[in-house]
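Participant: coords please:
(one chain, ligands or ions: 3)
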Amino acid sequence: MIAGGCSGPAPGIARGEMLFDTCAPCHGDEGAGDQELGAPAIAGAADWYMTYQIEKFQEGVRGYHYTDAEGLRMRPMSRALFADRGDIESIVDYVFSLPIPDPAPTAEGDAEAGEAEYEALCSNCHGVDGRGIDSPVPELRAPSVLHLNDWYIASSLRKYRDGVRGAVPGDGAGAVMRGPMAGMSDERIDNVTAYIMTMQRLPRRIPGPPPEPLPELIVDASILPEGVTVDMAREGQEIFHGDGICVTCHLRGGEGGPLAPSLTDATWLNIDGEYESIVDIVMTGVPQPVEHPGQMLARAGTSITDDQVRAVAAYVYTLSR
Ligand code: HEC
Ligand code: HEC
Ligand code: HEC
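Facilitator: Residues are numbered from 1 along each chain as shown. Ligands and ions are numbered 1, 2, ... in the order given. Predicted coordinates:
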């Protein structure tokens, strides 16, 4: 039976190759990108990342802002891929089979200054080698930046900074990436981009094993302030390491890292450490950190509810006690 003009081969690489004819005019025959059209290299991206971004375009979570000319160009293209025909898997399989591009720098920037910036602000998530970090939790995965063109990196960083990308409520991964970009000047963006272009081109990362399950939280109920329960603290532990994305900056168990302080000791930088002060700071974020380079957004930029904030604050409360 003939299903229509878009049928063709069954799901798989051959179908992906056929579908790629509609992508090549912008992304190039080898998927290495086209600066004039603002279409980035897609060959070289991880399969999970391509799938995730295509779905974001389809749902209008990316390419939503009226000033985002490139995103608006891509968004209708994503609509031509049909989930029920396996189109996304097919095209991703095909693009994944293309050689990883090694783009030449086109812009100027101080790569040395950018190196310090990258180490302090980016390496935590994108890895010291820029290959990205795989995690079974989509919000906690960071993509590779090694195959990308510098004009695209710099333009994406500005979009995150300005809320033109990653700012739709519920876009956890976008919020994760907007945190370190808050208030970054164009010059610093150009420097960090220049540094990324000097990084050695490495093959893709092979996904690692899933993270260890969280340890059971043992809490002495008598230390908890009024209205706070052990169950809240346990729920908060899940939120801290999941939807609340706190773990991306404060690291597992709140031990702290280059992007955010330890929450396990008696030293507090912005608050007195009492339960209500923790609730308040999670609600409002930290626009001007005392010691750390990037901001914490209100509710970490996520859409966790008031009750979830109170639960995650209960968990944080137990960590230093
Ligand atoms: C009309 C031009 C055009 C066509 C055709 C097109 N794209 Fe795009 N695509 C873009 C532009 C421009 C961007 C960059 C958007 C931005 O800057 O945020 C993009 C971004 C993407 C991204 C995100 C890359 C990243 O690193 O985040 C993916 C994945 C993608 N396109 C896949 C495809 C696939 C698959 C097809 C074919 C079905 C396709 N595109 C067809 C213009 C196009
Ligand atoms: C807390 C973790 C985290 C930190 C820190 C971080 N990123 Fe990201 N980055 C992400 C995530 C998650 C995404 C995917 C966001 C999305 O889906 O829009 C991302 C996306 C990106 C992209 C877009 C890639 C593409 O193909 O479109 C670039 C470029 C990037 N980051 C560069 C940087 C740079 C440079 C820094 C440091 C200044 C940085 N990131 C800091 C997590 C992080
Ligand atoms: C993008 C990185 C980032 C994320 C994500 C993040 N934080 Fe933070 N957090 C910070 C920074 C930066 C500070 C302020 C550090 C400073 O002042 O130097 C901070 C401060 C705090 C403080 C106050 C610590 C003090 O000593 O004053 C608490 C409590 C806290 N965060 C809890 C959370 C919780 C709970 C979440 C998840 C809902 C979260 N944070 C998500 C970066 C982050």
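Participant: that's a helix at Thr248, yeah?
Facilitator: Yes: with DSSP: H, G, I helix; E, B strand; the rest coil as the criterion, Thr248 is assigned to a helix.
Participant: can you pull the contacts of the closest residue to it other than its chain neighbours?
Facilitator: Counting by C-beta to C-beta, 6 or more residues apart in numbering, Val176 is the residue found nearest to Thr248 once chain neighbours are left out, at 5.3 Å. Backbone N, C-alpha and C define where each C-beta goes, glycine included. Neighbouring residues of Val176 by C-beta atoms under 8 Å, 6 or more residues apart in numbering: 125, 139-140, 142, 245, 248, 301.
Participant: state the distance from Val176 to ligand 1.
Facilitator: Distance of Val176 to ligand 1, computed by C-beta to the nearest ligand atom, to the nearest Å: 14 Å.
Participant: same deal with Asp93?
Facilitator: 11 Å.
Participant: what kind of secondary structure is that residue in?
Facilitator: helix.
Participant: assign the residue nearest to Thr248 to helix, strand or coil.
Facilitator: helix.
Participant: just the pLDDT at it, thanks.
Facilitator: What the model reports for Val176 is a pLDDT of 87.
Participant: low-confidence ranges, the chain, go.
Facilitator: The chain contains residues with pLDDT under 70 at 1-7, 135-139, 205-210.
Participant: domains for it, by residue range?
Facilitator: Residue ranges for the domains of the chain, per automatic domain parsing: 1-99, 102-211, 221-319.
Participant: need those domains in TSV (columns: distance to ligand 2).
Facilitator: Converted to TSV, these look like this (distance: least, C-beta to the nearest ligand atom, whole Å):
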stretch	distance to ligand 2
domain 1-99	6
domain 102-211	3
domain 221-319	4
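Participant: what sits against the residue nearest to Ala69 when sequence neighbours are not counted?
Facilitator: Spatial nearest neighbour of Ala69, chain neighbours left out: Gly38 (6.9 Å); criterion: C-beta to C-beta, 6+ apart. Gly38 makes contacts with 69-70, 73, 151-152, 155, as judged by C-beta under 8 Å, 6+ apart.
Participant: quick one: buried ones out of these?
Facilitator: Those of those that meet the buried threshold are 70, 151-152, 155, by 16 or more other C-beta atoms under 10 Å.
Participant: pull the most distant pair out of the contacts of Val176.
Facilitator: Ala142 and Gly301 (14.8 Å; C-beta to C-beta).
Participant: what's the nearest residue to Gln35 if we skip its chain neighbours?
Facilitator: Nearest one to Gln35, counting by C-beta to C-beta, 6+ apart, is Trp151 at 5.5 Å.
Participant: which positions within whatever helix or strand the one you found lives in qualify as buried?
Facilitator: Using DSSP states H and E, Trp151 sits in helix 150-162. Residues 150-157, 159-161 are the ones in helix 150-162 that count as buried (16+ other C-beta under 10 Å).
Participant: repeat for stretch 67-87
Facilitator: Buried residues in stretch 67-87 (16+ other C-beta under 10 Å): 68, 70-71, 74-75, 77-78, 81, 85-87.
Participant: among these, name the ones that also lie close to ligand 1.
Facilitator: Among these, the residues that sit close to ligand 1 (C-beta under 6 Å from any ligand atom) are 70-71, 74, 77, 81.
Participant: show me which of those is closest to Tyr118.
Facilitator: Using C-beta to C-beta, those come closest to Tyr118 at Glu70, 23.7 Å.
Participant: the closest residue in space to Ser123 that isn't next to it in sequence: neighbour count?
Facilitator: Ranked by C-beta to C-beta, 6+ apart and with sequence neighbours excluded, the top spatial neighbour of Ser123 is Pro258, at 7.9 Å. For Pro258, the neighbour count with other C-beta atoms under 10 Å is 15.
Participant: who touches Pro258 in this structure?
Facilitator: 119-121, 123-124, 292-293.
Participant: tell me the residues of this structure that contact ligand 1?
Facilitator: So the chain meets ligand 1 at 19, 22-23, 25-27, 37-40, 42, 45, 50, 53-54, 70-71, 73-74, 77, 81, 91, 155, 165 (C-beta under 6 Å from any ligand atom).
Participant: show only the entries of those found in helices.
Facilitator: 19, 25-27, 50, 53-54, 70-71, 73-74, 77, 91, 155 (DSSP state H).
Participant: related to what we said a few turns ago, can I get the buried residues of stretch 67-87 in a markdown table with distance to Met181?
Facilitator: Formatted as a markdown table, those follow (distance: C-beta to C-beta, whole Å):
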| residue | distance to Met181 |
| --- | --- |
| Asp68 | 15 |
| Glu70 | 17 |
| Gly71 | 16 |
| Met74 | 21 |
| Arg75 | 22 |
| Met77 | 26 |
| Ser78 | 24 |
| Leu81 | 29 |
| Arg85 | 37 |
| Gly86 | 35 |
| Asp87 | 32 |
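Participant: nearest to Ile271, of these?
Facilitator: When those are compared against Ile271 (criterion: C-beta to C-beta), the nearest one is Asp68, at 36.4 Å.
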